[in-house]
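Enquirer: Any chance you can model this:
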Amino acid sequence: MARYTGPKTKISRIFGEPILGNGKWLDKNSNPPGQHGATRKRKSLGEYALQLREKQKAKYTYGVLEKQFRKTFEEAARLKGVTGENLMRLLEARLDNTIYRMGIAPSRPAARQLVSHKHVIVNGVIVNVPSFTLRPGDIVTLKDKSKDNTSVTSQIRGKNPKFSWLDWNEADMKGTFIAYPERESIPENIKEQLIVELYSK
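Expert: This next block holds a predicted model:
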């Protein structure tokens, strides 16, 4: 399965945010990548560049490539409501992102690996597709064999209480996707309206 495997700090430096990691290296060097770093004279970004940059940020954050991201946007546009908010809800409802939000995995790439290696069960069925879209009421758990695997369980850190659209029972290692999140509840610093404007050209 195709995914970005290049240098994470370089991507974070492009956007000036720790979108692909904990950002500890940004404290040492937050200059944009390139031979001349901060000394290079940079033009202010135009409208199209700002929109493209926002789309790239969303793709890197959620680990989605262009074709799949476009399909997700088209699905969001078909739904009732604000297209940009629908897009963010669909990205948050991805199985790999939900595993990450529940605290079962320390990062989205780690969550993607858990899913693709068939450790995750949704509504009693093994699902190994990271982009699988959850619906309200779906129950997510680990396989019985995976619950006894210390390399899997040692990564579990528990759900952040601010993610109110998810429920996680650590004793049973079972979580529930309660509802699609409201935009103000999603912590990602993404201006989704710019993405809508870009695809509407």
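Enquirer: Residue 11: which element?
Expert: Using DSSP states H and E, residue 11 falls within helix 8-15.
Enquirer: quick one: buried residues of that helix?
Expert: 8-9, 11-15 (16 or more other CB atoms under 10 Å). The C-beta positions use only the backbone N, C-alpha and C, and glycine is treated the same way.
Enquirer: by contact count, what packs against it?
Expert: Under the contact criterion of 3 or more CB pairs under 8 Å, 6 or more residues apart in numbering; DSSP states H and E, helix 8-15 touches helix 47-62.
Enquirer: tilt between the helix or strand of the chain with the lowest mean pLDDT and helix 47-62?
Expert: Least confident element among the helices and strands of the chain, by mean pLDDT, DSSP states H and E: helix 8-15 (a mean of 76). For helix 8-15 against helix 47-62, the angle by axes from the mean of the first three to the mean of the last three CA atoms, to 10 degrees is 150 degrees.
Enquirer: send the alpha carbons of helix 8-15 over as CSV?
Expert: In CSV, the C-alpha atoms belonging to helix 8-15 read as follows (Å, rounded to 0.1, in the frame of the first residue of the first chain):
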residue,chain,number,x,y,z
LYS,A,8,9.1,13.5,8.7
THR,A,9,10.9,16.5,10.1
LYS,A,10,11.4,18.0,6.7
ILE,A,11,7.6,17.9,6.1
SER,A,12,7.0,19.4,9.5
ARG,A,13,9.5,22.2,8.7
ILE,A,14,7.7,23.0,5.5
PHE,A,15,4.5,23.8,7.4
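Enquirer: re earlier: is it possible to get TSV of the buried residues of helix 8-15 that adds distance to residue 122?
Expert: Shown next, in TSV, are the buried residues of helix 8-15 (distance: CB to CB, whole Å):
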residue	distance to residue 122
8	28
9	33
11	30
12	31
13	36
14	34
15	32
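Enquirer: if we take those, which one ends up nearest to residue 199?
Expert: residue 15 (19.7 Å; CB to CB).
Enquirer: Could you count how many residues lie near the closest residue to residue 165 other than its chain neighbours?
Expert: Nearest non-adjacent residue to residue 165, counting by CB to CB, 6 or more residues apart in numbering: residue 181, 4.2 Å away. Using other CB atoms under 10 Å, residue 181 has 19 neighbouring residues.
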